[in-house]
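> can you look at this prediction? I've put the sequence above it.
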Amino acid sequence: AQSVTQLDSQVPVFEEAPVELRCNYSSSVSVYLFWYVQYPNQGLQLLLKYLSGSTLVKGINGFEAEFNKSQTSFHLRKPSVHISDTAEYFCAVSEVYSSASKIIFGSGTRLSIRP
Amino acid sequence: EAQVTQNPRYLITVTGKKLTVTCSQNMNHEYMSWYRQDPGLGLRQIYYSMNVEVTDKGDVPEGYKVSRKEKRNFPLILESPSPNQTSLYFCASSYKGDGAGELFFGEGSRLTVL
(Lines give C-alpha, C1' and ligand atoms only; values in the text may rest on other atoms or scores of the structure.)
Protein backbone atom coordinates (compact mmCIF):
# COMPACT_ATOMS: atom_id res chain seq x y z
CA ALA A 1 0.00 0.00 0.00
CA GLN A 2 1.10 3.51 -0.65
CA SER A 3 1.90 6.14 1.97
CA VAL A 4 2.75 9.83 1.96
CA THR A 5 4.87 11.88 4.34
CA GLN A 6 4.96 15.62 4.79
CA LEU A 7 7.97 16.21 6.97
CA ASP A 8 7.19 19.80 7.94
CA SER A 9 4.06 20.42 9.96
CA GLN A 10 4.62 24.18 9.88
CA VAL A 11 6.62 26.44 7.58
CA PRO A 12 6.95 30.13 8.42
CA VAL A 13 8.28 32.41 5.68
CA PHE A 14 8.46 36.11 5.00
CA GLU A 15 6.32 37.69 2.33
CA GLU A 16 7.93 37.66 -1.11
CA ALA A 17 10.39 34.96 -0.06
CA PRO A 18 10.52 31.60 -1.88
CA VAL A 19 9.04 28.52 -0.27
CA GLU A 20 9.30 24.76 -0.68
CA LEU A 21 6.90 22.33 0.98
CA ARG A 22 8.22 18.81 1.05
CA CYS A 23 6.33 15.63 0.21
CA ASN A 24 7.68 12.10 -0.02
CA TYR A 25 5.69 9.04 -0.93
CA SER A 26 6.10 5.30 -0.85
CA SER A 27 4.56 2.88 -3.32
CA SER A 28 5.48 -0.32 -5.10
CA VAL A 29 3.65 0.76 -8.28
CA SER A 30 3.24 3.88 -10.37
CA VAL A 31 1.37 6.71 -8.71
CA TYR A 32 -0.64 9.84 -9.27
CA LEU A 33 0.35 12.78 -7.05
CA PHE A 34 -1.64 15.79 -5.90
CA TRP A 35 -1.33 18.95 -3.87
CA TYR A 36 -4.46 20.37 -2.27
CA VAL A 37 -4.75 23.69 -0.43
CA GLN A 38 -7.07 24.49 2.45
CA TYR A 39 -7.60 28.19 3.15
CA PRO A 40 -8.86 29.13 6.63
CA ASN A 41 -12.43 27.91 7.25
CA GLN A 42 -12.73 26.40 3.80
CA GLY A 43 -12.63 22.98 2.22
CA LEU A 44 -9.71 21.62 0.26
CA GLN A 45 -9.23 22.56 -3.37
CA LEU A 46 -6.88 21.13 -5.96
CA LEU A 47 -3.68 23.10 -6.48
CA LEU A 48 -2.04 20.81 -9.05
CA LYS A 49 -1.61 17.18 -9.97
CA TYR A 50 0.84 14.89 -11.68
CA LEU A 51 -0.59 12.05 -13.73
CA SER A 52 2.09 11.40 -16.34
CA GLY A 53 4.38 13.20 -18.78
CA SER A 54 6.41 16.25 -17.80
CA THR A 55 7.72 15.97 -14.28
CA LEU A 56 7.33 19.70 -13.67
CA VAL A 57 3.72 20.54 -13.01
CA LYS A 58 2.32 24.04 -12.81
CA GLY A 59 -0.73 24.83 -10.75
CA ILE A 60 -2.86 27.74 -9.71
CA ASN A 61 -1.63 30.86 -7.90
CA GLY A 62 1.95 30.50 -9.17
CA PHE A 63 2.69 27.18 -7.49
CA GLU A 64 4.58 24.36 -9.16
CA ALA A 65 5.76 20.92 -8.14
CA GLU A 66 8.32 18.51 -9.49
CA PHE A 67 7.90 14.77 -9.55
CA ASN A 68 11.17 13.00 -8.76
CA LYS A 69 10.76 9.26 -9.18
CA SER A 70 14.22 8.30 -7.94
CA GLN A 71 13.75 10.25 -4.72
CA THR A 72 10.02 9.45 -4.50
CA SER A 73 9.29 13.10 -3.90
CA PHE A 74 6.79 15.69 -5.09
CA HIS A 75 7.85 18.96 -3.49
CA LEU A 76 5.75 22.08 -3.91
CA ARG A 77 7.43 25.41 -4.65
CA LYS A 78 6.61 29.03 -5.14
CA PRO A 79 9.27 31.65 -5.96
CA SER A 80 7.60 34.50 -4.08
CA VAL A 81 4.80 34.04 -1.56
CA HIS A 82 2.02 36.45 -0.62
CA ILE A 83 -0.02 36.89 2.51
CA SER A 84 -2.93 35.29 0.65
CA ASP A 85 -0.96 32.02 0.42
CA THR A 86 -1.45 31.48 4.15
CA ALA A 87 -3.14 28.07 4.27
CA GLU A 88 -2.63 24.42 5.00
CA TYR A 89 -1.25 22.33 2.15
CA PHE A 90 -1.86 18.62 1.72
CA CYS A 91 0.05 16.23 -0.47
CA ALA A 92 -1.89 13.19 -1.68
CA VAL A 93 -1.07 10.02 -3.58
CA SER A 94 -3.02 7.31 -5.34
CA GLU A 95 -1.87 4.30 -7.26
CA VAL A 96 -2.38 4.27 -11.01
CA TYR A 97 -5.59 2.45 -12.02
CA SER A 98 -6.90 2.55 -8.46
CA SER A 99 -10.11 4.26 -7.38
CA ALA A 100 -10.55 7.59 -5.63
CA SER A 101 -11.21 5.65 -2.45
CA LYS A 102 -7.52 4.78 -2.36
CA ILE A 103 -6.25 8.35 -2.33
CA ILE A 104 -4.05 8.85 0.74
CA PHE A 105 -3.48 12.31 2.20
CA GLY A 106 -0.44 13.51 4.10
CA SER A 107 -0.76 15.11 7.51
CA GLY A 108 -0.54 18.62 6.08
CA THR A 109 1.88 21.55 6.20
CA ARG A 110 0.72 24.85 7.60
CA LEU A 111 2.25 27.74 5.68
CA SER A 112 2.31 31.01 7.58
CA ILE A 113 3.44 34.19 5.85
CA ARG A 114 5.05 36.98 7.85
CA PRO A 115 4.83 40.54 6.50
CA GLU B 1 -22.24 27.12 -9.48
CA ALA B 2 -20.69 23.66 -9.07
CA GLN B 3 -20.42 22.87 -5.41
CA VAL B 4 -20.56 20.41 -2.56
CA THR B 5 -22.79 21.62 0.26
CA GLN B 6 -22.60 20.37 3.81
CA ASN B 7 -24.93 21.10 6.72
CA PRO B 8 -24.62 22.02 9.47
CA ARG B 9 -21.31 23.86 9.34
CA TYR B 10 -21.03 23.90 13.12
CA LEU B 11 -22.68 21.67 15.68
CA ILE B 12 -22.30 21.09 19.40
CA THR B 13 -24.10 18.05 20.74
CA VAL B 14 -24.03 15.67 23.68
CA THR B 15 -22.96 12.06 23.93
CA GLY B 16 -25.52 9.65 22.57
CA LYS B 17 -27.76 12.10 20.73
CA LYS B 18 -28.14 10.91 17.15
CA LEU B 19 -27.21 13.37 14.46
CA THR B 20 -26.95 13.57 10.69
CA VAL B 21 -24.60 15.68 8.63
CA THR B 22 -25.95 16.19 5.15
CA CYS B 23 -23.92 16.42 1.96
CA SER B 24 -25.21 17.33 -1.46
CA GLN B 25 -23.42 17.87 -4.78
CA ASN B 26 -24.80 19.41 -7.96
CA MET B 27 -22.21 18.09 -10.41
CA ASN B 28 -23.77 14.68 -11.15
CA HIS B 29 -20.70 13.01 -9.68
CA GLU B 30 -20.78 9.25 -9.20
CA TYR B 31 -18.27 9.11 -6.34
CA MET B 32 -18.77 10.63 -2.91
CA SER B 33 -16.78 10.27 0.28
CA TRP B 34 -16.59 11.41 3.88
CA TYR B 35 -13.36 12.35 5.66
CA ARG B 36 -12.52 13.50 9.12
CA GLN B 37 -9.67 15.91 9.74
CA ASP B 38 -7.81 15.88 13.05
CA PRO B 39 -4.68 17.89 13.93
CA GLY B 40 -1.51 16.13 12.84
CA LEU B 41 -3.41 13.28 11.21
CA GLY B 42 -4.46 14.84 7.93
CA LEU B 43 -7.62 13.50 6.32
CA ARG B 44 -8.85 10.03 7.07
CA GLN B 45 -11.59 8.43 5.04
CA ILE B 46 -14.71 7.29 6.89
CA TYR B 47 -16.96 5.90 4.16
CA TYR B 48 -17.23 6.23 0.42
CA SER B 49 -19.74 5.53 -2.31
CA MET B 50 -18.98 4.63 -5.91
CA ASN B 51 -22.60 5.18 -6.98
CA VAL B 52 -26.22 5.01 -5.81
CA GLU B 53 -26.77 2.18 -3.32
CA VAL B 54 -23.04 1.31 -3.38
CA THR B 55 -21.19 2.21 -0.20
CA ASP B 56 -18.10 0.88 1.52
CA LYS B 57 -15.99 1.44 4.60
CA GLY B 58 -12.95 3.64 4.60
CA ASP B 59 -10.15 3.65 7.14
CA VAL B 60 -12.11 4.84 10.20
CA PRO B 61 -15.77 3.73 9.84
CA GLU B 62 -16.49 2.80 13.47
CA GLY B 63 -19.38 4.78 14.92
CA TYR B 64 -20.62 6.08 11.57
CA LYS B 65 -23.24 5.10 9.02
CA VAL B 66 -23.96 6.38 5.52
CA SER B 67 -26.54 5.92 2.81
CA ARG B 68 -26.68 6.77 -0.88
CA LYS B 69 -30.28 6.67 -2.02
CA GLU B 70 -29.87 9.45 -4.55
CA LYS B 71 -26.87 10.36 -6.64
CA ARG B 72 -26.59 13.89 -5.29
CA ASN B 73 -26.87 13.15 -1.54
CA PHE B 74 -24.60 11.28 0.84
CA PRO B 75 -25.52 11.87 4.50
CA LEU B 76 -23.25 10.90 7.38
CA ILE B 77 -25.06 9.50 10.40
CA LEU B 78 -23.72 9.30 13.93
CA GLU B 79 -26.14 7.01 15.76
CA SER B 80 -24.64 7.53 19.21
CA PRO B 81 -21.94 10.20 19.10
CA SER B 82 -19.04 10.04 21.52
CA PRO B 83 -16.41 12.67 22.42
CA ASN B 84 -13.78 10.95 20.25
CA GLN B 85 -15.92 11.85 17.24
CA THR B 86 -15.26 15.53 17.88
CA SER B 87 -13.64 16.55 14.62
CA LEU B 88 -13.86 18.50 11.38
CA TYR B 89 -15.73 16.55 8.74
CA PHE B 90 -15.49 16.96 4.98
CA CYS B 91 -17.62 15.55 2.23
CA ALA B 92 -16.01 15.20 -1.19
CA SER B 93 -17.14 14.11 -4.64
CA SER B 94 -15.49 13.09 -7.86
CA TYR B 95 -16.81 12.59 -11.39
CA LYS B 96 -16.09 8.89 -11.94
CA GLY B 97 -14.25 7.91 -8.78
CA ASP B 98 -10.98 7.00 -10.44
CA GLY B 99 -7.73 7.75 -8.68
CA ALA B 100 -6.67 10.37 -11.22
CA GLY B 101 -9.70 12.58 -10.80
CA GLU B 102 -10.02 15.77 -8.81
CA LEU B 103 -11.86 15.62 -5.52
CA PHE B 104 -14.28 18.48 -4.86
CA PHE B 105 -14.73 19.25 -1.17
CA GLY B 106 -17.44 20.86 0.86
CA GLU B 107 -16.57 23.61 3.31
CA GLY B 108 -16.55 21.30 6.29
CA SER B 109 -18.69 20.59 9.34
CA ARG B 110 -17.12 21.15 12.74
CA LEU B 111 -18.66 18.79 15.26
CA THR B 112 -18.15 18.93 19.02
CA VAL B 113 -19.48 16.09 21.17
CA LEU B 114 -19.66 16.87 24.88
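On my side now, so go ahead.

> what comes into contact with stretch B:7-26?
Stretch B:7-26 is touched from outside by B:2-6, B:32, B:34, B:72-83, B:89, B:91, B:93, B:104, B:106-114, with contacts defined as C-beta atoms under 8 Å, 6 or more residues apart in numbering or on different chains. (C-beta placed from N, C-alpha, C; glycine too.)

> could you look up the SS state of A:Cys91?
strand (DSSP: H, G, I helix; E, B strand; the rest coil).

> can you pull the contacts of it?
A:4, A:6, A:21, A:23, A:25, A:33-35, A:74, A:76, A:105-106.

> can you give me the strands in chain A?
Under the criterion DSSP state E, chain A contains strands at A:3-5, A:10-14, A:19-21, A:24-26, A:31-38, A:44-50, A:56-58, A:64-68, A:73-78, A:87-95, A:104-105, A:109-114.

> same check on chain B?
Going by DSSP E, chain B shows strands at B:4-7, B:10-13, B:19-25, B:31-38, B:42-51, B:54-57, B:65-66, B:76-78, B:87-94, B:104-105, B:109-113.

> how about those strands in TSV, adding mean neighbour count and distance to A:Val96?
Listed next are the strands of chain B as TSV, based on neighbours: other C-beta atoms under 10 Å in any protein chain shown; distance: least, C-beta to C-beta, whole Å:
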stretch	mean neighbour count	distance to A:Val96
strand B:4-7	18	26
strand B:10-13	12	38
strand B:19-25	19	25
strand B:31-38	24	17
strand B:42-51	22	18
strand B:54-57	14	21
strand B:65-66	18	27
strand B:76-78	19	29
strand B:87-94	24	16
strand B:104-105	22	21
strand B:109-113	18	32
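
> now, which of the contacts of A:Cys91 sits nearest chain B?
For the contacts of A:Cys91, the residue nearest chain B by C-beta to the nearest C-beta is A:Phe105; the value is 4.2 Å.

> any idea how far the closest one is from A:Phe14?
To A:Phe14, A:Phe105 is 28 Å away according to C-beta to C-beta, to the nearest Å.

> residue nearest the centroid of chain B?
B:Trp34 (2.9 Å; C-alpha atoms, centre = their mean).

> on that earlier part again, now, which of the contacts of A:Cys91 lie close to chain B?
Near chain B, judged by C-beta under 8 Å from any C-beta of the partner chain, the entries from the contacts of A:Cys91 are A:6, A:105-106.

> who wins for neighbours among these?
In terms of neighbours by other C-beta atoms under 10 Å in any protein chain shown, the ones next to chain B among the contacts of A:Cys91 top out with A:Gly106 at 24 neighbours.

> hmm, B:Leu41 and that one touching each other?
No. Look at A:Gly106 against B:Leu41 with C-beta atoms under 8 Å: they stay out of range, at 10.1 Å.
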